[in-house]
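1. what's the 3D shape of this:
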Amino acid sequence: MKINRIHIKNYRNLKDVSVQLQEIVTVIGENNSGKSNFLKAVTFSFLADEIGYAGKTLVWTDINNEAKDKYFSYILSNKEKIVKDEVDQDVLAINLPIVSVEVQLIPNDKELYCVKDLSYGTDEHGNLKYGILYEYRPKNIDKVYEHIKQVLCSEEINDENINKVKMNLLPIELYSHSISVPQKGTSVSYDILKLFRYTALIAERDGFSSSQERLGSKSLVKILQAKLDTDAKLKVETEYSHFFETLKSLGDMDNIINWQDNTGIKNAKDFFENITILPNMPPMNSILNSVSLGYSGESLSSQGLGYRNLILLLVLMNSLTEKKEEIAFNVLTVEEPEAHLCINNTQLMVSFIKALAVNNDFIQMFYSTHSTEFVNKLDFKNIIIMNNGTACALSEELDEEGMNYLAKNPNLDLFKFFFSRKCILVEGLTEELLIRAYLYSKKELNDIEVISFHKGYKNIIDIWLKINSLSKNKLGIIRDYDNQDNAKKEHEKYNQNENVFVATTSEYTLEPEIVKTNNNYNVLSSYFKRRFGWSNMSQEELSDKWREAKADVMLTLCKDLSCGELQNFMMPNHIQSVINFLNDKNEETGNGN
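-> A predicted model of the protein is given here:
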C-alpha cells in the first residue's frame, strides 16, 4: 500500500498543496520553505506510534495566515450584517479557515479488505478510489456565530484595532479535529484507523540517547518483542525466577521479616510465618526495557552525534520492517537523515533507505534533506520541491524524456540550481570556467552560481519558474546560437519573466563571439602568442584554433584571467548582459544580437 496523492490546505504556510507521491518521497527546499510542515501534515490522517507522537489538535498559529487574513477581511466587511443576524451561517462556515489533509491510498489485492470502508468513488479509469480526510474545523457553527457576534457587539472593530481581537474573532477553542472518508463525510472507525500508523523523527533528535525517553532503546525493544518467540519468552521468565531465588538466598530475605519476634501479640507467629517474599515478575516489555543501545561496548550516550543519529535511524527503521498483522500500513517521516553523518555513514544510510523501500511494501518513507547524496539522480520522480509553502512533484512536471534529460547531466545539483539567489546555466565546461574566472577577477563580492548544463533548457526553466514564483531568486541562461533561429526565439521568449534572462551568441559558438568583442582580438592575439606560440592569425583563424584546442588551453587562460593578467579582456555582450541582469546593474541588457 502507498499514499498516491496528498492534498494539504491551510496548514501553516501550506495554503493549498496537492502533489503526487511515490514509494519513497524526498522533500527538498530552502530553510523555512515548508518541508517540516509537509512531513507533519502527512501524519495527520493516521494514528501515532509511540515515537514522535504529536497530537492532532492544532493551535491558532497552525492555521495558514493568508486564510486567516481572508477570514478577518470577510468579518470586517460584514460586521453590521453579522450583528443584525443577517448573515447565513452556511456562508460564514464557507469563509472560516479550515485545515484539511486528504490522502489517497492505493492498496494491493491483499490489502483491499483493510480499505473497503474507505472507498469514495472511481478514477478516470474506473478504479475505486480510497482515502482518509483529516479536518480541523468548528464542530458547531451556531456557537461560532454567537461568539463572533458577541465580540463584534462589545468592541469597536475596524482596520486599526482588529489586531487586538483577532484571536477572539477566530475562536480556536470551538475547533476540533475529525477523520473521515473524503466526499462521504462518514467517520473512519477506530477499528479501521488502527490499521494505519505513523512514526516520525523530527530534526531535533540529538539528545535522544541521554533522555528518559530513550527513543533508540524503544525501537530496540520493538525488535526484541517481534523476534522473540514463545519458547524464548518462557526462557526469559524462567531465568528471571532463577535470578530471584539466587538473590533471595544471598540476602536471607525471609528472615528480614521477623515481626513475630518483636510483638507481644499471642499466636502472632502462626500468622507472620506465612508471610514471605515472592518474585514480582514484570511484564515482558518491562524486562526488555532494561536493555539499552550501545556501540563498541560503550553506552550510546558516550558516542558522537553522528553515530547516535545513525544508530537511532537504523534501529528505528529495522523495527518497522517486522510486519504485524494489526498494522496494514506504516508511514515513516524523517527530517534530515544526513544530520551529523560523515560521507561513509551517509552512503550507508542512503543504501539502507533504498533497501527499506524495495523490501517492505507496507512502509512508505518520507524524508527531507539538504544533501545531494540523498537525491537519487536515477529516480527523480521521488522528489518534491518546496518553496515558500508551494510544492512541485517532478513526477507530475516531467515526462520520462524530461526525467532522462535531468539524469543525463552529471553536474546537476538540484539544490544549487533551484535555490541559488543568482544562478547562470551554461552549455558546457568552457563557458563555466570562463565565467567563474571572470567573476573571480573582480574585486566586488560574487554570489553568482554557475552550472554547466547540456542543450535544451525549456523544461527546466518551466520548473524553475514554478518553484521560484514567489521568491526573489534570478536565473540567467547563456546558450550558443548553433544556427538555430527557432530555438533562439523559443528560449528568449522567457525574457518576459522578471526573474529570467536568456542570452544567445550572435556567432555559431562562444569562441568567435569572444574574439570579435571590442578589443579582445588584439588582447588574445598577444596572449596566445606569449603563452602558446600562436601568431599571425586572423580573427577566424584564432577562433578556430582556440575552439579546436584541448581543454588545457582554456583552463590556462581562465587561471590567468582570474589572476588579473588579461586586464583589457571584455566579456562578450550576451554574457555580460546576463551578469548585469543578475547583479541588478542599470546597464542596458541585450540578447546577443
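2. contacts, neighbours, all on C-alpha from now
-> Fine.
3. list the contacts for D62?
-> D62 sits next to 11-12 when contact means CA atoms under 8 Å, 6 or more residues apart in numbering.
4. how about a cut-off of 10 Å?
-> 10-13, 37, 99 (CA atoms under 10 Å, 6 or more residues apart in numbering).
5. did I read that right, M537 in a helix?
-> No - counting by DSSP: H, G, I helix; E, B strand; the rest coil, one finds M537 to be coil, located in no helix.
6. next one: phi and psi at it?
-> phi -120, psi 140 (degrees, to the nearest 10).
7. List buried residues within the contacts of D62.
-> 10-13, 37, 99 (16 or more other CA atoms under 10 Å).
8. Tell me who's in contact with S526.
-> 520, 533-535.
9. Could you double-check that L152 sits in contact with F72?
-> No - with contact defined as CA atoms under 10 Å, L152 does not reach F72; the gap is 12.0 Å.
10. thinking again about what came up before, can I get the contacts of D62 in CSV with distance to L21, secondary structure and pLDDT?
-> Listed next are the contacts of D62 as CSV, based on distance: CA to CA, whole Å; DSSP: H, G, I helix; E, B strand; the rest coil; pLDDT from 0 to 100:
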residue, distance to L21, secondary structure, pLDDT
N10, 20, strand, 98
Y11, 19, strand, 97
R12, 21, coil, 96
N13, 20, coil, 96
N37, 16, helix, 96
V99, 20, strand, 97
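11. what's the farthest-apart pair in the residues you listed?
-> For these, the farthest-apart pair by CA to CA is N37 and V99; their separation is 12.5 Å.
12. shared neighbours, those two?
-> Residues touching both N37 and V99 (CA under 10 Å, 6+ apart): 11-12, 14, 62.
13. where are the low-confidence patches of the stretch 151-300 of the chain?
-> 155-159, 206-224, 226, 247-248, 250-281, 285, 288-293 (pLDDT under 70).
14. What ranges does it have for its strands?
-> Along the stretch 151-300 of the chain, counting by DSSP state E, counting those that start in this stretch, strands occupy 175-180, 196-201, 294-295, 298-299.
15. How about the stretch 1-150 of the chain?
-> Secondary structure of the stretch 1-150 of the chain (DSSP E, counting those that start in this stretch): strands at 2-11, 14-20, 24-29, 47-48, 99-106, 119-122, 128-138.
16. Which one, of these, ends up nearest to F419?
-> The nearest among the strands of the stretch 1-150 of the chain, by CA to CA, is strand 24-29 at 7.3 Å.
17. follow-up on the earlier one: so which of the strands of the stretch 151-300 of the chain comes closest to L310?
-> Across the strands of the stretch 151-300 of the chain, L310 has its closest neighbour in strand 294-295 (11.2 Å, CA to CA).
18. State the paired neighbours of the closest one in the sheet, together with their directions.
-> Applying DSSP bridges, strand 294-295 is found paired with strand 298-299 (antiparallel).
19. now the helix or strand that comes right after the strand it pairs with, how far from the chain's geometric center?
-> Going down the chain from strand 298-299, the next helix or strand is helix 305-320, by DSSP states H and E. A distance of 19 Å separates the C-alpha centroid of helix 305-320 from that of its chain, computed with CA atoms, centre = their mean, to the nearest Å.
20. which strands and helices sit next to helix 305-320?
-> Contacts defined by 3 or more CA pairs under 10 Å, 6 or more residues apart in numbering; DSSP states H and E place helix 305-320 against strand 196-201, helix 215-227, strand 294-295, strand 329-335, helix 343-359, strand 363-368.
21. ok, G34 - contacts?
-> When contacts are counted by CA under 10 Å, 6+ apart, G34 is found next to 11-14, 27-28, 40, 385-391.
22. Repeat the analysis, applying 8 Å as the threshold.
-> 13-14, 386-390.
23. How about the contacts made by the nearest residue to N468 once chain neighbours are set aside?
-> Leaving aside its sequence neighbours, N468 sits nearest to N387 (CA to CA, 6 or more residues apart in numbering; 6.9 Å). Contact analysis of N387 by CA under 8 Å, 6+ apart lists 29-30, 33-34, 467-468, 470-471.
24. what's the answer for P97, then?
-> Taking CA under 8 Å, 6+ apart, we find P97 in contact with 10, 63-64, 67-68, 71, 137.
25. in the sheet, who's paired with the residue nearest to N468?
-> T390.
26. what's the pLDDT at it?
-> Looking at N387, its pLDDT is 88.
27. Could you report the distance from it to L465?
-> 11 Å (CA to CA, to the nearest Å).
28. Low-confidence regions, the stretch 351-500 of the chain specifically.
-> Using pLDDT under 70, the stretch 351-500 of the chain drops low at 377-378, 410-411, 445, 454-456.
29. All the helices of it, residue numbers only.
-> 394-397, 400-407, 414-419, 429-441, 458-467, 485-492 (DSSP state H, counting those that start in this stretch).
30. Compare those and give me the one nearest L314.
-> Across the helices of the stretch 351-500 of the chain, L314 has its closest neighbour in helix 414-419 (26.0 Å, CA to CA).
31. contacting residues around that closest one?
-> 28-30, 370, 372, 423, 449, 451, 464, 467-468, 473.
32. any idea how far it is from the chain center?
-> 14 Å.
33. Quick check: buried residues in that helix?
-> Neighbour-count burial for helix 414-419 flags 414-415, 417-419 (criterion: 16+ other CA under 10 Å).
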